[in-house]
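*Asks:* Sequence first, then the predicted structure, then my questions.
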Amino acid sequence: MTASWVLEKQDQDKLRLCQFLTSQVADFVTIRHLLAEVGWTRYRFGQALAGLEQDLKKLWPEQPPAFALDASRRGVQVDHRVLLDVKRLTHEYRQQSIIWALLGEIFAETFVSYEVFAETHHTTVPIARATKKQIAVVLARVGITLTRHNALIGDETTIRVFFFGLMREAYVDQEIPFPAEMRIRAEAAVTEILALYQLPERETTKQAIRMQFAIWYSGLVNHHAIMATEMPPLFVPLINWDEQHHQIHAGLVMMMRHFVDLPNAVLAREAEYAIASMYVAGFLGPIPATLLTETATRKLQPFTTTMQREFETVMHQALDSETLSQMMALLSPTHVRLLYFSHLGFRPMPDVVRAKHRFPIQTQIILTVVAKLAVVLGIPEQALLNVLFEEYLTAMIQTVATTKLLPEIKVIVDMNNLPSLETLIVSRLEQTPLVNIVVSHEAVPQADFYISDIEIAGLKNATPFIWSHYPDENEFNKFIEKATDLTVHRMTATD
């Protein structure tokens with residue numbers, strides 16, 4: 001599920017068109033290709049493009065157009081030099097959304113009446129009522145009931161995960177109408193939590209903690225504490241925790257007493273949930289094995305065994321235990337979040353087609369692993385792919401060297417007049433995770449490419465790239481595309 005459902009229909013179309021066009025590698029996209037990819041009519045495309053052009057001009061009046069319709073060529077010209085802040089565009093659309101506004105009031109329990117809401121947000125009572133029905137349908141999909149009086153009924157952990165997902169996608173906590181007092185308390189909590197966990201004061205971390213605190217505080221002041229039966233069966237009993245986690249737990253309980261007056265048993269449970277939340281948010285690394293129950297350990301094991309088995313199936317070689325351990329450590333928060341919190345997160349659909357072109361073998365491994373895990377876990381494959389794909393791709397790029405995955409691409413870099421440029425280009429080539437490049441400065445047998453500031457007559461069998469200046473993104477990407485195509489050809493030929 002993506003969070004675009006909270007936007008008005010026409011804004012959803014404009015945002016989707018913007019995301020599609022900016023994701024294209026080419027500078028020109030035919031209308032026929034676009035319509036086939038997004039499943040629209042020409043009329044719907046025309047309306048979306050016209051509206052998007054107006055919105056971009058309003059937001060960034062000084063920038064040249066990022067997209068231009070070329071009627072003679074029946075396509076859209078994409079200027080990749082124009083950098084668009086899609087996050088800000090989404091924010092603007094969200095601020096105009098009746099769904100978003102009503103959802104915020106429902107969660108914060110500040111809703112008064114449809115008449116008051118309609119007057120406040122410049123809409124009508126029938127539209128407000130219809131909007132509630134739309135929200136109720138989405139909530140029902142994740143097991144939350146929206147009552148006649150706009151109360152949320154369901155597992156408290158599910159409700160918190162649902163709204164944290166929305167807020168993290170939205171990114172800015174001020175977008176949901178929390179009272180000013182809650183924001184003040186959230187800032188105080190951020191300072192205490194960072195000190196308690198000894199976390200660096202990164203803005204993204206602080207923002208996520210604000211959101212978690214705001215959702216927690218809003219629930220408790222409205223008498224929505226987590227019940228014992230709703231706690232994820234993840235941790236061993238508190239008495240078996242190590243000293244460090246005991247101290248963190250005690251510190252959280254003490255901090256919570258500053259904000260709410262609740263029984264000790266409730267605060268202890270809330271503190272345990274807060275620690276689990278910090279782990280699954282990825283702030284604390286993998287959960288120590290000593291904290292996990294035997295059941296949780298067994299439940300998490302299929303991720304390791306499936307990756308190990310399917311990697312060997314695809315690559316015809318074993319994934320060494322050290323690399324596998326590193327990969328699973330990076331993916332630990334994702335796996336725990338999936339099994340014990342929710343697989344119905346608000347994530348953009350991964351661009352698998354693009355990934356197949358840029359990271360063909362990594363993508364093949366991941367798709368194979370996800371297909372097997374879907375059967376083992378009983379989760380729909382597409383839902384699982386949405387949750388796991390980007391995390392798995394990132395973890396694989398970070399831990400598995402391209403030398404273990406990909407055939408060598410031999411590149412000669414030999415500059416005639418620009419030796420310093422040669423150094424910069426080699427550095428950039430060696431840093432790319434997309435292909436397994438082996439650089440030489442002298443002629444080598446069966447070289448695939450050469451990069452120089454002049455044509456070299458003696459290298460007729462190598463594909464030339466003549467760069468008399470530092471290559472921009474478009475120029476470098478053209479080289480990577482050629483190298484990737486050659487990689488895929490060689491891997492396909494050896495299968």
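*Replies:* Noted; the coordinates are in hand. Residues are numbered from 1 along each chain as shown.

*Asks:* mind listing the strands for the protein?
*Replies:* Counting by DSSP state E, the chain has these strands, from start to end: 28-30, 67-70, 75-78, 145-146, 152-153, 408-413, 436-440, 449-452, 463-466.

*Asks:* any idea of the mean pLDDT for the first one?
*Replies:* Per-residue pLDDT values across strand 28-30 average out to 93.

*Asks:* how about that strand: buried residues?
*Replies:* Val29 (16 or more other CB atoms under 10 Å). To be clear about C-beta, it is placed using only N, CA and C from the backbone, and glycine gets the same treatment.

*Asks:* what residues does it touch?
*Replies:* Around strand 28-30, the neighbours that count as contacts under CB atoms under 8 Å, 6 or more residues apart in numbering are Leu21, Asp70, Arg73, Arg74, Gly75, Val76, Gln77, Val78.

*Asks:* cutoff 7 Å now
*Replies:* Leu21, Arg74, Gly75, Val76, Gln77, Val78 (CB atoms under 7 Å, 6 or more residues apart in numbering).

*Asks:* so where's this structure uncertain?
*Replies:* For the chain, the stretches flagged by pLDDT under 70 are 1-3, 170-179, 342-348, 493-495.

*Asks:* If we use 50, what do you get?
*Replies:* For the chain, residues meeting the criterion pLDDT under 50 lie at 173.

*Asks:* Show me which residues of stretch 407-414 are buried.
*Replies:* Pro407, Ile409, Lys410, Val411, Ile412, Val413, Asp414.

*Asks:* Which pair of those residues spans the longest distance?
*Replies:* Spanning the widest gap among those are Pro407 and Asp414, at 22.5 Å by CB to CB.

*Asks:* picking up where we left off before, let me have the buried residues of stretch 407-414 in CSV, adding distance to Gln308 as columns.
*Replies:* Below are these laid out as CSV (distance: CB to CB, whole Å):
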residue, distance to Gln308
Pro407, 23
Ile409, 28
Lys410, 31
Val411, 33
Ile412, 38
Val413, 37
Asp414, 42
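
*Asks:* tell me which of the residues you listed is nearest to Glu322?
*Replies:* The closest of the buried residues of stretch 407-414, once distances to Glu322 are taken by CB to CB, is Pro407, at 23.3 Å.

*Asks:* Show the contacting residues for the closest one.
*Replies:* Asn436, Thr487, Arg490, Met491.

*Asks:* Can you go through those and name the buried ones?
*Replies:* Counted by 16+ other CB under 10 Å, these give Asn436, Thr487 as buried.

*Asks:* Where helices are concerned, which of the contacts of Pro407 count?
*Replies:* The members of those that map onto helices under DSSP state H are Thr487, Arg490, Met491.

*Asks:* circling back: out of the strands of the chain, which comes closest to Phe283?
*Replies:* strand 152-153 (26.5 Å).

*Asks:* re the thing from before, can you say which of the strands of the chain is packed in most?
*Replies:* Of these, the one with the most neighbours on average (mean count of other CB atoms under 10 Å) is strand 449-452, at a mean of 22.

*Asks:* How about residues contacting that strand?
*Replies:* By CB under 7 Å, 6+ apart, strand 449-452 touches 411-416, 425, 456, 459, 462-467, 483.

*Asks:* Could you tell me how many residues sit around Ala180?
*Replies:* 7 (other CB atoms under 10 Å).

*Asks:* scratch that, Phe213
*Replies:* With other CB under 10 Å as criterion, Phe213 counts 24.

*Asks:* And Ala50, by the same measure?
*Replies:* With neighbours defined by other CB under 10 Å, the count for Ala50 comes to 12.

*Asks:* before we move on, what about Gly104?
*Replies:* Residues lying near Gly104 (other CB under 10 Å) number 21.

*Asks:* re earlier: so can I have CSV of the contacts of Pro407 showing distance to Val142?
*Replies:* CSV is the format used below for these (distance: CB to CB, whole Å):
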residue, distance to Val142
Asn436, 42
Thr487, 41
Arg490, 45
Met491, 40
